[in-house]
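*Asks:* Give me a 3D structure for the following:
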Amino acid sequence: MTARPAVDRRTILFAALVLIALALAIYAEVWLGVIHPHGWADDFNIYYTALESAQAGHSPYFPYIIGISFVYHPFALTLVSLFGLLGRFPASILWAALNVVGYALSLWMSLKLVGDVPEERRWLIIALFAIFAPMWEMLHIGQINGIVLACLIGSLYLSEQDRPILAGIVLALAIVLKSSPLVFVLWFLAVRRWKVAVAALAMFGVFSLIAWGQFGTGVVRDYFAVLARLGTETHPDFYNQSLPAIAIRVLWTFGIKGIETSAALMQKLGMTLLIGMTLGLTAAAPLSNQRLRVWLFALLGSIMTVASPLVWYHHNMFLMLPLVILLVWPVVESWQFWAGIVIYFLIQAERLIEEYAPQVPYDYTAPDKHLMGTQAFAGLPVLIAQGVLIIVIGWAILQWFWARSDAGS
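*Replies:* Numbers count the residues shown, from 1 in each chain. The predicted model follows:
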């Protein structure tokens with residue numbers, strides 16, 4: 001008789017969280033579609049136009065203008081070409097549907113990977129991710145992240161199902177669609193899943209050969225030229241939520257300029273250190289501990305998201321697995337569960353905070369661009385959420401190693 005009110009209160013609390021998240025998602029969509037107007041399938045149109053250029057014998061990569069240029073591996077155009085037969089608009093609808101399926105499949109695999117989940121918590125997680133604002137942005141602009149996320153989490157899921165070749169194939173597909181998942185080849189080597197790593201590298205070569213045969217040597221050459229620029233440039237407009245971009249914008253407001261190179265270098269050094277530490281912990285983890293392996297994979301995924309020189313809002317979809325880990329924490333009253341809730345809502349509320357936070361003007365002139373605006377602190381809530389997520393997951397992993405060390409001594 002005494003347990004019932006507690007359950008009811010928890011249900012009411014979960015329902016309130018979902019309603020607040022839905023309101024924030026609706027505002028984020030208004031921000032994207034009305035306040036800062038972006039049309040339906042803007043990014044897919046970039047892919048489609050790039051495909052038309054490649055098919056006409058022109059470079060799909062040049063002229064290179066970040067944010068409106070095609071920057072992916074040529075095999076992404078091969079994938080788009082499968083939809084191109086339908087025409088631009090019907091293809092964009094099917095593309096969006098495929099990404100939603102990939103997103104839903106990613107959530108299903110994430111819940112499977114973390115083990116038993118109480119039914120009430122499972123429905124909370126499904127509801128929160130169904131209205132996750134970065135996913136809505138992906139759907140609105142026609143991004144590719146739903147497919148990439150399914151391939152990335154699928155590589156771990158299939159590996160845990162002892163299907164290493166399939167795991168390697170889907171990891172290779174993730175790499176050719178977004179280059180940053182390449183770091184997971186090193187992770188699978190560290191965890192001694194050799195077949196997955198070898199299959200991924202082999203299939204990367206196969207996918208590259210297919211694209212080379214379809215579009216020619218010039219397209220492949222231009223891709224690597226653009227990739228080299230992406231790795232060295234900083235683009236501090238307010239859409240970019242990367243660590244160096246935010247640091248540059250914030251410092252501009254205090255009159256500190258000319259720190260682009262040092263900000264990018266510090267990020268590279270810091271992220272390299274974090275990636276190295278994660279791979280080292282992965283190599284030291286016992287092969288029998290599946291739970292710890294999932295945590296380490298999730299930690300590297302979080303770092304991968306932050307490490308990119310270009311972090312758009314929809315990239316926060318890649319934080320799905322680490323967020324699920326926190327949201328299924330065994331005890332609802334635990335600080336880990338509530339850390340997950342806070343992280344989720346920092347991301348969900350980003351557009352609202354960005355629009356109504358105190359506006360600080362900045363004015364920056366570079367040789368190739370002139371940036372003016374008032375959203376100097378845009379992306380800061382997301383950056384804080386990403387940092388806290390890395391710390392919380394990393395702390396849980398370190399606690400496991402410390403407990404093991406104490407037991408051994």
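
*Asks:* Let's verify residue 62: helix, strand, or coil?
*Replies:* coil (DSSP: H, G, I helix; E, B strand; the rest coil).

*Asks:* Number of residues surrounding it?
*Replies:* 13 (other C-beta atoms under 10 Å). The C-beta positions use only the backbone N, C-alpha and C, and glycine is treated the same way.

*Asks:* Mind telling me what element the nearest residue to it once chain neighbours are set aside is part of?
*Replies:* In space, and not counting its chain neighbours, residue 62 is closest to residue 222: 6.3 Å by C-beta to C-beta, 6 or more residues apart in numbering. Assigned by DSSP states H and E, residue 222 belongs to helix 217-230.

*Asks:* Skip ahead from that helix and say which helix or strand is next.
*Replies:* Next element after helix 217-230 (DSSP H and E): helix 243-253.

*Asks:* can you give me the angle the helix or strand just after that following helix makes with helix 243-253?
*Replies:* Along the chain past helix 243-253, the next helix or strand (assigned with DSSP H and E) turns out to be helix 260-284. Angle, helix 260-284 to helix 243-253, by axes from the mean of the first three to the mean of the last three C-alpha atoms, to 10 degrees: 150 degrees.

*Asks:* Helix 260-284 packs against which elements?
*Replies:* helix 183-190, helix 243-253, helix 290-307, helix 380-408 (3 or more C-beta pairs under 8 Å, 6 or more residues apart in numbering; DSSP states H and E).

*Asks:* Let me know the angle separating the longest one from helix 243-253.
*Replies:* Between helix 380-408 and helix 243-253, the angle comes out at 130 degrees (the same axes, to 10 degrees).

*Asks:* Helix 380-408: how far from the chain's middle?
*Replies:* In terms of C-alpha atoms, centre = their mean, to the nearest Å, the gap separating the centre of helix 380-408 from the centre of its chain is 19 Å.

*Asks:* Where does the prediction get shaky in the protein?
*Replies:* Scanning the chain for pLDDT under 70 picks out the ranges 1-7, 357-376, 405-409.

*Asks:* Quick check: the gap between the residue nearest the centre of it and residue 305.
*Replies:* Residue closest to the average C-alpha location in the chain (C-alpha atoms, centre = their mean): residue 318, at 3.0 Å. Per C-beta to C-beta, to the nearest Å, residue 318 is found 5 Å from residue 305.

*Asks:* Next, count neighbours for the residue nearest to residue 62.
*Replies:* 19.

*Asks:* residues contacting it?
*Replies:* Residue 222 makes contacts with 59-62, as judged by C-beta atoms under 8 Å, 6 or more residues apart in numbering.

*Asks:* Please report how far it lies from residue 153.
*Replies:* 31 Å.

*Asks:* Now do stretch 200-217: everything it contacts.
*Replies:* Here stretch 200-217 has contacts from 54-55, 60, 73-75, 77-78, 81, 155, 167-169, 171-173, 175-176, 184-185, 188, 219-220, using C-beta under 8 Å, 6+ apart.

*Asks:* ok, back up a step: of the contacts of residue 222, buried ones?
*Replies:* Neighbour counting with 16 or more other C-beta atoms under 10 Å marks 59-61 as buried within the contacts of residue 222.

*Asks:* Please convert those residues to JSON lines, extending it with distance to residue 297.
*Replies:* Converted to JSON lines, the buried ones among the contacts of residue 222 look like this (distance: C-beta to C-beta, whole Å):
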{"residue": "59", "distance to residue 297": "36"}
{"residue": "60", "distance to residue 297": "32"}
{"residue": "61", "distance to residue 297": "32"}
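
*Asks:* closest to residue 139 among the residues you listed?
*Replies:* residue 60 (23.6 Å; C-beta to C-beta).

*Asks:* I'd say that closest one and residue 71 touch.
*Replies:* No: counting by C-beta atoms under 8 Å, residue 60 does not reach residue 71; the two are 9.7 Å apart.

*Asks:* Give me the phi and psi angles of residue 62.
*Replies:* phi -120, psi 150 (degrees, to the nearest 10).

*Asks:* wait, I meant residue 56
*Replies:* Torsion angles, degrees, to the nearest 10, at residue 56: phi -90, psi 0.
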